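**Student:** I would like to see how this sequence folds:
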Amino acid sequence: MLSRAFYDSLLHDPQASILLSSDEVESRLSKSLERWVTEILTFDPKDDITPLLLHQRHVGIMHSRVNVTIELVLRGARLIKCALLGALLHGPEVSPVNVEAARLATSVIDLAIEAMSAAYSSSREKAARTDEAFRSYAATVNVTLEREKQRAALSDWSNRLLQNLMMGTDDISLGRIGQSPFGFWIRHKAPALFGNATELDEISFRMDRIDRTMLPACQREINGSAEELRKLTRNIVGEVEDIRSLTETMFDHLVHMESGRDAQTQLLNRRFLPAVLSREVELSRDSQEQFSVLMIDVDHFKSINDRYGHDAGDRVLERVAQVLSAHTRSGDFAFRYGGEEFLLVCVEQTEEQALRTAEKIREEVAAQVIPLSNHPPVSVTVSIGVAMHDGHPDYQRLIDRADAALYEAKHGGRNRCVAAAA
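**Tutor:** Predicted coordinates:
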């Protein structure tokens, strides 16, 4: 009864039904779930619980491997518990034994799902790291060369199709774009390069429409109506042009992401800041090593732009970035945060060391004499807010604390370093 309640609901769920079929449920999954429920609900507390927990972890890993989402697992557990409670607590008079059975059963199911979820999360994290490693490998591809190669592959398929249509004989088989070198590349290698780019789904949809609808229609009309064949051919050419445009867009995005650096200062672009800080928070948790964030702002920058022009402001930003780069160790990260603001992530530092780094940067920036074209040289100062990671898992809190310390430095007279309150 519990197994039926579970699968009857999931088979009507659009997300779950993709992973299930009624035949598979009938032949295998239903019996498997019955065994799982029986194992959970008949466990004797006097027995060793270790094998039971190991089995739940195995199930969690299996769910991760076949891409069953954790919300579906939790929903399934809820359905089973609701059906179980309905059976045990049915009727106007419910015995204390049934109430205790319901309490115990739901607790044991929750414990099993907890163990299952922990293994699921661990497996997903491992898979994500593997996927990231493969994407890093894929990123070593020469993007310019790959772009030209796929342009040529798509053009080659298109040209062959037009050639075959012009020959106009019944025995010619129009090769499918999905089975062409370009089609294979889109399905098997492009996802590693472009991740979950929406353009990939659009390209796959258009290729499928060409292969399933347009090519069979062309095949039928090869010796039929010339006008109809020209119309069908124009439609295919239009689809191919859309595919070409979508592919170019993906490559353009990839080139933009690959640069990873602010074009003006050559520091890291702030869009990579979440990835860096998330990783540093995790490393700090595992190693117990501290790290700091330095938020740096150029004092009175607007007045430099207003007085000397934006070219002068650009020279100032470039020089400040050079100073930051000089004080960035091999494990540190320097970002152009926005406008005249910069952010430095200093790894494995105490607060005393972080403040010393900030003071060195402040002094060196102040000592710079920055030449300008058509104007006398200028000097600038910076204000710096320093925040130490305090173990909080949300990296945004760390940025906010550094920003608050910077605000205090600016309003305390500028050209100074301030540590965030603990």
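**Student:** Just give me the neighbour total for residue 269.
**Tutor:** 17 (other Cβ atoms under 10 Å). In this view, the C-beta of every residue, glycine as well, is placed from N, C-alpha and C.
**Student:** what are the phi and psi angles of it?
**Tutor:** phi -80, psi 140 (degrees, to the nearest 10).
**Student:** and what of residue 115?
**Tutor:** Main-chain torsions, residue 115, degrees, to the nearest 10: phi -60, psi -40.
**Student:** In this model residue 58 seems to touch it, though I could be wrong.
**Tutor:** No - taking contacts as Cβ atoms under 8 Å, residue 115 lies outside contact range of residue 58: 9.9 Å.
**Student:** Mind checking which of the two has more residues around it?
**Tutor:** Between residue 115 and residue 58, residue 115 has the larger neighbour count (other Cβ under 10 Å), namely 20 against 13.
**Student:** what sits against the more buried one?
**Tutor:** Contacts for residue 115 (Cβ atoms under 8 Å, 6 or more residues apart in numbering) come out as 53, 56-57, 60.
**Student:** So for stretch 378-394, first residue to last residue, what's the gap.
**Tutor:** For stretch 378-394, the separation between the terminal residues is 39 Å (Cα to Cα, to the nearest Å).
**Student:** What residues sit buried inside it?
**Tutor:** 378, 380, 382-389 (16 or more other Cβ atoms under 10 Å).
**Student:** which residues of the stretch 101-250 of the chain fall in helices?
**Tutor:** 143-167, 181-188, 190-194, 198-209, 215-221, 226-259 (DSSP state H, counting those that start in this stretch).
**Student:** Pull the distance from the second one to the chain's centre.
**Tutor:** Here helix 181-188 is found 22 Å from its chain centre; the criterion is Cα atoms, centre = their mean, to the nearest Å.
**Student:** Between helix 226-259 and it, find me the angle.
**Tutor:** Following axes from the mean of the first three to the mean of the last three Cα atoms, to 10 degrees, one obtains 50 degrees for the angle between helix 181-188 and helix 226-259.
**Student:** Return the set of buried residues in helix 181-188.
**Tutor:** Applying 16+ other Cβ under 10 Å to helix 181-188 flags 182-183, 185-186 as buried.
**Student:** Same question for the first one.
**Tutor:** Along helix 143-167, these residues count as buried under the neighbour rule (16+ other Cβ under 10 Å): 146-147, 150, 153-154, 157-158, 161, 164-165.
**Student:** Closest one to residue 282 out of those residues, please.
**Tutor:** Top of the list for closeness to residue 282, among the buried residues of helix 143-167 and by Cβ to Cβ, is residue 146 at 32.1 Å.
**Student:** Tell me the pLDDT of the residue of the chain most remote from its centre.
**Tutor:** The outermost residue of the chain relative to its centre, with distances by Cα atoms, centre = their mean, is residue 93 at 52.7 Å. Looking at residue 93, its pLDDT is 84.
**Student:** Equivalent analysis for residue 417, please.
**Tutor:** Confidence score, pLDDT, at residue 417: 97.
**Student:** I'd say it and residue 354 touch.
**Tutor:** No - using Cβ under 8 Å, residue 417 is not in contact with residue 354, being 9.3 Å away.
**Student:** shared neighbours of the two, anything?
**Tutor:** With Cβ under 8 Å, 6+ apart, residue 417 and residue 354 have common neighbours residue 386.
**Student:** Let me know the distance separating residue 107 from residue 65.
**Tutor:** 28 Å (Cβ to Cβ, to the nearest Å).
**Student:** no, scratch that, I was asking about residue 180
**Tutor:** Per Cβ to Cβ, residue 180 is found 31 Å from residue 65.
**Student:** Same question for residue 376.
**Tutor:** Counting by Cβ to Cβ, the gap from residue 376 to residue 65 is 67 Å.
**Student:** So those two - more neighbours on which side?
**Tutor:** Under the criterion of other Cβ under 10 Å, the comparison of residue 376 against residue 65 puts residue 65 first, with 12 against 8.
**Student:** quick one, what contacts the more buried one?
**Tutor:** Counted by Cβ under 8 Å, 6+ apart, residue 65 has contacts residue 123.
**Student:** next one: the one 10 residues further on
**Tutor:** With contacts defined as Cβ under 8 Å, 6+ apart, residue 75 is in contact with 10, 13.
**Student:** Likewise for residue 233?
**Tutor:** Residue 233 neighbours (Cβ under 8 Å, 6+ apart): 162, 165, 218.
**Student:** Give me the angle between the helix or strand where residue 98 lies and helix 143-167.
**Tutor:** Assessed by DSSP states H and E, residue 98 sits inside helix 96-138. If you take the same axes, to 10 degrees, helix 96-138 sits at 90 degrees to helix 143-167.
**Student:** quick one on the thing from earlier: switch the buried residues of helix 143-167 over to a markdown table; also include distance to residue 290 and pLDDT.
**Tutor:** Formatted as a markdown table, the buried residues of helix 143-167 follow (distance: Cβ to Cβ, whole Å; pLDDT from 0 to 100):
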| residue | distance to residue 290 | pLDDT |
| --- | --- | --- |
| 146 | 42 | 86 |
| 147 | 44 | 89 |
| 150 | 46 | 93 |
| 153 | 51 | 94 |
| 154 | 52 | 95 |
| 157 | 56 | 94 |
| 158 | 58 | 93 |
| 161 | 62 | 90 |
| 164 | 67 | 85 |
| 165 | 68 | 83 |
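**Student:** could these be laid out in CSV, adding distance to residue 248?
**Tutor:** Compiled in CSV, the buried residues of helix 143-167 are given as follows (distance: Cβ to Cβ, whole Å):
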residue, distance to residue 248
146, 12
147, 8
150, 10
153, 14
154, 10
157, 16
158, 15
161, 20
164, 26
165, 25
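**Student:** I'd assumed residue 241 was in contact with residue 206.
**Tutor:** No - taking contacts as Cβ under 8 Å, residue 206 lies outside contact range of residue 241: 10.2 Å.
**Student:** pLDDT weak spots in the stretch 51-200 of the chain?
**Tutor:** Scanning the stretch 51-200 of the chain for pLDDT under 70 picks out the ranges 66, 128-141, 168-172.
**Student:** related to what we said a few turns ago, among the buried residues of helix 181-188, find me the one that's closest to residue 210.
**Tutor:** Of these, the one sitting nearest to residue 210 (Cβ to Cβ) turns out to be residue 183, at 9.7 Å.
**Student:** tell me the domain boundaries of the protein?
**Tutor:** 2-134, 143-259, 268-419 (automatic domain parsing).
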